[in-house]
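Trainee: after the sequence you'll find the predicted model.
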Amino acid sequence: MSGEKNAYRWRAKDSKTKFKLFGLLTEQRSYENGTKILFKTIKNKCGTQFIERAKRGRKIVFVSDKLGHYKKGFNKYFRYVAELRFGISIKQKKYGYKHNNNVIERDNREVKQRYYPMIGFKELNSANNVLDLLDTYDNYIEDKENKTPAQRAGIELNLGKRYQFLNLIKVSKIK
C-alpha cells in the first residue's frame, strides 16, 4: 500500500488447531471496517457449531486484545453462545509475563514479516489477496507437528506429497 502509513489486519484463528478462520486488511481500525465484518463472517461460517456447543454446555471462547470494538461485535453476534476473554496485553510483558496467551498476538511477528514486502502494493485489495493466499498455504499445506491446521481441524483433502498447491486448486474448483 504505497504511501499508506497504517493498515490493520483483522484475523480469527482457532487456538487449538491454528486454523485461520478469517483475515482482512483495512485502512482504518473501526467497527464498520473490521470488527463487524470479522464477527459476521465467523457467524456465517461457524455460528451453527457455536450454538450446538453452547447447548451442550461447552461455549466457544474468543480471546482478543482489549479493543472496544471487539466487545461490541462479540455481544451483537455471540453473546449467548460464546465467551469473550482478553489476553495479556503487550504492555504487560514489562511486568514479568514471558508469553502472551493471545494466539493472535503471538502470530503478529510472522504477519509483520509478511507485511514488509507488501509496502509497495498500490491497493489494499492486492495486499489482501496475497495475505489470503499465505493463509491458505498455512491452513492446508504448511505441515507443523506432522499435521496441517486443516487436518487438526478435521478437514482432510488428501493433497499428496508433491504439487500440493496445484492439487488444492483442483480440489477447490467449482463443478
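Mentor: Looks like it arrived, so ask away. Residues are numbered from 1 along each chain as shown.
Trainee: now do the helices in this structure.
Mentor: Under the criterion DSSP state H, the chain contains helices at 36-55, 68-78, 103-115, 124-140, 149-152, 164-172.
Trainee: show me where pLDDT drops low in this protein?
Mentor: 1-6, 87-119, 174-175 (pLDDT under 70).
Trainee: the same query, at a cut-off of 50, please.
Mentor: 1-2, 4 (pLDDT under 50).
Trainee: the nearest residue to His69 once chain neighbours are set aside: how many residues sit nearby?
Mentor: Sequence neighbours aside, Thr35 is the residue nearest to His69 in space, at 3.9 Å (criterion: C-beta to C-beta, 6 or more residues apart in numbering). Quick note: C-beta positions are derived from backbone N, CA and C, even for glycine. Neighbours of Thr35 under the rule other C-beta atoms under 10 Å: 24.
Trainee: now do the contacts for Thr35.
Mentor: Applying C-beta atoms under 8 Å, 6 or more residues apart in numbering, one finds that Thr35 lies in contact with Trp10, Leu67, His69, Tyr70, Lys72, Gly73.
Trainee: and the fourth one, what is it in contact with?
Mentor: Shown in contact with Tyr70 (C-beta under 8 Å, 6+ apart): Thr35, Phe62, Ser64, Leu84.
Trainee: would you mind confirming that Asn167 makes contact with Leu159?
Mentor: Yes: here Asn167 reaches Leu159: they are 4.3 Å apart, a contact under C-beta atoms under 8 Å.
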